[in-house]
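Asks: Using only what follows, build the 3D model:
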Amino acid sequence: MEVKGSRLLNRRTFRRRPEIVAFVEEFFSSLLNLPITVFAMIMERPDAAPDSEDVMLPPQFRFLMQRVQLFAEANHEMATILFDGDAGQFGGLSYKFSAFLYRSEEGRASTNITDTPFFGDSKTSAGIQIADMVASVLRQFEEEELYRRPPMNDAFLLALRRFYRIIEQKTVDQTSHDGYQRPGIYRL
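Replies: Have a look, this model is predicted:
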């Protein structure tokens, strides 16, 4: 079974499918025990598709890589970036990723990130499925502005807020070598 946030994390599911709700609850309870760290960039949905002529890695990916690099370096590990989709998305993300790593000072300093990202289908990667569920919670949490006001008497929004709190426990805030704060969940 492919775990997709858009199919599992919605009001209709929470009203009509108690077995799916139980699965989602167990999913996020289990997330607490998994040896993963979550980093996320939260931004407005762009009005237009990225320009394929632009060779720069979009800021949301660069900011995400900053956090992955700091985390991998601190833990003496290597990190491979996984993307849900194909290498041509976002105006040629594969090319932009390589250009960042090899042609920018910041990219060349990212010595704990492998130089080849993995582009895959969430059907074949549990990690991408976990990321999809986390991204779905973060997106809906922001859209519903649950950071501004607590939900009242809405089982779905209460669950979203609870899942968000779990995700917060799986992230770390960091400080760059030059003293800049790098929150684990960053609002662009």
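Asks: Could you use CA atoms for every contact and neighbour count after this?
Replies: Noted.
Asks: per-residue confidence at Phe90?
Replies: Confidence at Phe90, expressed as pLDDT, is 74.
Asks: Next one: it from Asp173, what distance?
Replies: Using CA to CA, to the nearest Å, one gets 27 Å for the distance from Phe90 to Asp173.
Asks: can you check Arg108 too?
Replies: As judged by CA to CA, Arg108 and Asp173 stand 23 Å apart.
Asks: try Arg162
Replies: When CA to CA is the yardstick, Arg162 and Asp173 sit 20 Å from each other.
Asks: For the residue positioned nearest the centre of the chain, which non-adjacent residue is spatially closest?
Replies: Ranked by distance to the mean C-alpha position of the chain (CA atoms, centre = their mean), the top residue is Ala40 at 4.3 Å. Setting aside the residues directly before and after it, Ala40 is nearest to Ile185 in space (CA to CA, 6 or more residues apart in numbering), at 4.8 Å.
Asks: How about the contacts made by that neighbour?
Replies: Taking CA atoms under 8 Å, 6 or more residues apart in numbering as the definition of contact, the neighbours of Ile185 are 38-42, 168, 171, 173.
Asks: Over to Ser98?
Replies: The contact partners of Ser98, by CA under 8 Å, 6+ apart, come to 115-116.
Asks: Give me the secondary structure label for it.
Replies: Reducing the assignment to helix, strand or coil with DSSP: H, G, I helix; E, B strand; the rest coil, the entry for Ser98 is helix.
Asks: Which phi and psi values does Phe119 adopt?
Replies: With angles defined as degrees, to the nearest 10, Phe119 shows backbone torsions of phi -110, psi 120.
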